[in-house]
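Engineer: Mind folding the following:
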Amino acid sequence: MGGEGRLAFVLTPQIGYEIKGRTTLDRWIYALAGQFVFQAHQRVALDVGSVLQRAVSSRYRFLTGPWEPGPIPVIVGATWTPAHYFDARAQLSFENVLGVYSAPPGDHLTLGFYVSFRG
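Structural biologist: Below is the predicted model:
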């Protein structure tokens, strides 16, 4: 984490193109990921974030077609850096935080652990 402050807000725009079979339409996917990051200690960072996504068929590639909403996830994580070249991360993802698609809120949970080494 750079800068003087201990709190950061990160926005990441994303554009994707999903290639399907010959009989189905390909889809453009537009997403905006947002994340609040708090550096609790010099080697520990806590974060919470979400991804808002819109998928449209290839015939409406410039966001002129109908809205196809998806579930809104919330991701809570922590990163620990015990050494300059090593990071460890744990995160908990709630895929359906609003309870859409006839599923209750938090119906799909994912717990992940990540380790990274830098040279």
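Engineer: ok, the residue nearest to His108 when sequence neighbours are not counted to Pro71 distance?
Structural biologist: Closest residue to His108 apart from its sequence neighbours, by C-beta to C-beta, 6 or more residues apart in numbering: Glu95 at 3.9 Å. Using the backbone N, CA and C atoms, a C-beta is placed for each residue, glycine as well. Remark: distance between Glu95 and Pro71 (C-beta to C-beta, to the nearest Å) = 6 Å.
Engineer: For the protein, name the helix or strand with the lowest mean pLDDT.
Structural biologist: The weakest-scoring helix or strand in the chain, judged by mean pLDDT, DSSP states H and E, is strand 44-57 (a mean of 82).
Engineer: Report all helices and strands that it contacts.
Structural biologist: With contacts taken as 3 or more C-beta pairs under 8 Å, 6 or more residues apart in numbering; DSSP states H and E, strand 44-57 sits against strand 27-41, strand 74-83.
Engineer: switch to 10 Å and redo it
Structural biologist: Where contact means 3 or more C-beta pairs under 10 Å, 6 or more residues apart in numbering; DSSP states H and E, strand 44-57 is packed against strand 7-18, strand 27-41, strand 74-83, strand 86-94.
Engineer: For those strands, give me a markdown table that also has mean neighbour count and mean pLDDT.
Structural biologist: Shown next, in a markdown table, are the helices and strands packed on strand 44-57 (neighbours: other C-beta atoms under 10 Å; pLDDT from 0 to 100):
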| stretch | mean neighbour count | mean pLDDT |
| --- | --- | --- |
| strand 7-18 | 10 | 86 |
| strand 27-41 | 15 | 85 |
| strand 74-83 | 15 | 91 |
| strand 86-94 | 15 | 91 |
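Engineer: Would you mind saying which of the ones you listed lies nearest Val51?
Structural biologist: Evaluated over the helices and strands packed on strand 44-57, closeness to Val51 peaks at strand 27-41, with 4.6 Å, by C-beta to C-beta.
Engineer: what inclination does the closest one have with respect to strand 7-18?
Structural biologist: Relative orientation of strand 27-41 versus strand 7-18 (axes from the mean of the first three to the mean of the last three C-alpha atoms, to 10 degrees): 160 degrees.
Engineer: partners of strand 27-41 in the sheet?
Structural biologist: Under the criterion DSSP bridges, strand 27-41 sits next to strand 7-18 (antiparallel), strand 44-57 (antiparallel) in its sheet.
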